[in-house]
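*Asks:* give the three-dimensional model of this entry:
(chains A and B)
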Amino acid sequence: MSVLAGKELRIVGFLCNWCSYGGADTAGVGRFTQPTDLRIVRVPCSGRINPLFIMKALVNGADGVLVSGCHPRDCHYAEGNYYARRRLEVLKGLLPVLGIDPRRFEYTWVSASEGQRWQHVVESFTGQIHALGPSRRLPAAPELEALLSRAM
Amino acid sequence: MSMQDELKSAVRAALADCDCVIGWGPGPEVLRRSPLFARQEADADLFRADFQAVNNPALFLPEYKGRKVGVVVKGCDARSVGQLVNEGLIRREEVHVIGFPCDGVIDVGKVAARLEGLCEPGEVTSLREEAGAVVLTHPGGELKLEKNDVRADKCGRCRFPNALDADLFIGAPMEPSTGEDPYDDLKALESRPYEERMAFWEREMSRCIRCYACRNACPLCVCRDQCVAVSRDPHWLTQSDGVRDKLFFQIIHASHLAGRCTGCGECERACPVGIPVLLLKRALSRRVEDLFAYRAGIDEGRPPLLTFSLDEPAIKERHW
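*Replies:* Residues are numbered from 1 along each chain as shown, chains lettered A, B, ... in the order given. Here you go, the predicted model:
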């Protein structure tokens, strides 16, 4: 099913390598069915996530962004997720002013063994984004848009 | 001795052990002062600290790190100095801070609007201050404007008109005009639905000419030539003229100032097309204050995004 068909939305996930990516893998190995709207970007640590990654995704047309890292006190690098927690929480304050529904962005903690929790997170977040519907896209470069529309 | 004379002698005295003293002096037009860098005693006579002391001289301090400089500051400029010191971008002992009581500063845009039909802003031949008002002389006569009508918006919510940490304070401290910041500007935007807010930014940012005056005027934008907005690797921004890139630059600026912005409003003042870019920074400042009880340039201690605590009492995480 293609994104363009409109039945699937674009959700970008930033997952830390050590816990959440492992958790997603566990969910896959366990054959837990999940919605397929989520595209996962693997990052070394949730502390690696520049809040601009999230903003770039949202401004460029992602319908939702999900961040997931190791549970507090479980970070592979001891403290990366503590910094991430502060940054992401502050970022949530910027979205409403820009006119982006803050429910389009969530962050959470999933460990490598929590396959079922991962399934639950993906299901509830995807449901939440589908309830909000596709996001309104800001026009990018007008000339590029014209080119793109001709190409399609 | 009048306050301006006191200022001049303070500058002269500071020059004895400072490489230079930064303040405000004559500008290209009567309505516009320029930042002034005094290196010799004769320059001291050009200094003014009054209703037209618009620019934030803290902007220049990081370049002088390693040398002793003097700086004349309003309340808001002093908060920028405080934040720069707090982040280690300048050393407190290398800065000689001269404070003065600030009665707000002029918004040249508002004056220009009042001069509509009379003359061009550049044709004003003199400006003098009277109690609570400024009197402009223009080719067709005189125009008296109440300060309250032509003051910059940021001054209306200023709680610290006097430098919080000055080595020397001249004049009698000014009473703040307000208590708490009501964030009326943000609340007005937030009372509208999300689509309208994005349409608002789309409309405002469509005027942006990407001159980066907002960045260059920001005293806390210290990356200078290393700014990610002009970097090709990583390549955050394209060269295209779409609203998306223009707005994304403001998102970069605001997020890099989260918990650091002191609200001096220089970004918005420097904007040649009048985009209210300070709003985004104020949204983040409010957020940081709510979460971490930290006000940049006022509260001491490590900026909240450069540290963490194991249990964050103010952060309410979502339970799935």
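
*Asks:* against residue B:294, how distant is residue B:301?
*Replies:* Distance of residue B:301 to residue B:294, computed by CB to CB, to the nearest Å: 7 Å. C-beta here means a position set from N, CA and C on the backbone, and glycine is covered the same way.

*Asks:* so what pLDDT did residue 59 get?
*Replies:* Unless you meant another one, I'm taking chain A. Looking at residue A:59, its pLDDT reads 94.

*Asks:* not quite, I wanted chain B
*Replies:* On the pLDDT scale, residue B:59 is placed at 97.

*Asks:* specify the local secondary structure of it.
*Replies:* helix (DSSP: H, G, I helix; E, B strand; the rest coil).

*Asks:* that one: neighbour count?
*Replies:* 22 (other CB atoms under 10 Å in any protein chain shown).

*Asks:* nearest residue to it other than its sequence neighbours?
*Replies:* Of all residues not flanking residue B:59 in the chain, residue B:219 sits nearest, at 4.4 Å (CB to CB, 6 or more residues apart in numbering or on different chains).

*Asks:* residue B:26 too?
*Replies:* Per CB to CB, 6+ apart, closest to residue B:26 is residue B:46, 6.3 Å.

*Asks:* any regions of chain A where pLDDT drops low?
*Replies:* Where chain A drops to pLDDT under 70, the residues are A:1-6, A:140-145.

*Asks:* got a list of contacts for stretch B:142-159?
*Replies:* Residues from elsewhere that reach stretch B:142-159 (CB atoms under 8 Å, 6 or more residues apart in numbering or on different chains): B:51, B:54, B:75-76, B:102-107, B:110-111, B:114-115, B:118, B:130, B:132-136, B:161, B:176-182, B:185, B:263-265, B:268-269, B:278.

*Asks:* just want the phi and psi numbers for the residue nearest to residue B:26.
*Replies:* Torsion angles at residue B:46 (phi, psi; degrees, to the nearest 10) stand at phi -80, psi -10.

*Asks:* got a list of what it touches?
*Replies:* Per CB under 8 Å, 6+ apart, neighbours of residue B:46: B:25-26, B:36, B:38.

*Asks:* mind picking the two most distant members of the residues you listed?
*Replies:* B:26 and B:38 (12.6 Å; CB to CB).

*Asks:* between the two, who's got more neighbours?
*Replies:* residue B:38 (24 against 12).

*Asks:* the more buried one contacts residue B:10, correct?
*Replies:* No - taking contacts as CB atoms under 8 Å, residue B:38 lies outside contact range of residue B:10: 11.1 Å.

*Asks:* the chain: strands as residue ranges?
*Replies:* If you meant another chain, say so; for now it's chain A. Ranges of strands within chain A are A:11-16, A:38-43, A:64-69, A:105-109, based on DSSP state E.

*Asks:* sorry, should have said chain B
*Replies:* Assigned by DSSP E, the strands in chain B fall at B:20-29, B:32-38, B:69-73, B:95-99, B:126-130, B:133-138, B:141-146, B:168-169.

*Asks:* most packed of the ones you listed?
*Replies:* Stretch with highest mean neighbour count among those: strand B:69-73 (a mean of 27; mean count of other CB atoms under 10 Å in any protein chain shown).

*Asks:* which residues does it contact?
*Replies:* If you take CB under 8 Å, 6+ apart as the criterion, strand B:69-73 is touched by B:7, B:11, B:14-15, B:18-24, B:47, B:49, B:53, B:57-58, B:61, B:77, B:81, B:94-100, B:163, B:166.

*Asks:* phi, psi of residue A:101?
*Replies:* Here residue A:101 shows phi and psi, under degrees, to the nearest 10, equal to phi -60, psi 120.

*Asks:* can you pull the contacts of it?
*Replies:* The contact partners of residue A:101, by CB under 8 Å, 6+ apart, come to A:95, A:132, A:135, B:194.

*Asks:* near chain B, which residues of chain A show up?
*Replies:* The interface of chain A toward chain B, taken as CB under 8 Å from any CB of the partner chain, is made up of A:51-52, A:55-56, A:59-60, A:72-73, A:79, A:82-83, A:85-87, A:89-94, A:96-101, A:106, A:108, A:117, A:120-121, A:124, A:136, A:138-144.

*Asks:* now these: which count as buried?
*Replies:* A:51-52, A:55-56, A:59, A:72, A:82-83, A:85-87, A:89-94, A:96-101, A:106, A:108, A:117, A:120-121, A:138, A:140-141 (16 or more other CB atoms under 10 Å in any protein chain shown).

*Asks:* please flag which of the contacts of stretch B:142-159 sit within helices.
*Replies:* Among those, the members found in helices (DSSP state H) are B:75-76, B:110-111, B:114-115, B:185, B:268-269, B:278.

*Asks:* okay if I get those as JSON lines plus neighbour count?
*Replies:* Converted to JSON lines, the ones in helices among the contacts of stretch B:142-159 look like this (neighbours: other CB atoms under 10 Å in any protein chain shown):
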{"residue": "B:75", "neighbour count": "26"}
{"residue": "B:76", "neighbour count": "25"}
{"residue": "B:110", "neighbour count": "15"}
{"residue": "B:111", "neighbour count": "19"}
{"residue": "B:114", "neighbour count": "14"}
{"residue": "B:115", "neighbour count": "20"}
{"residue": "B:185", "neighbour count": "16"}
{"residue": "B:268", "neighbour count": "20"}
{"residue": "B:269", "neighbour count": "22"}
{"residue": "B:278", "neighbour count": "23"}
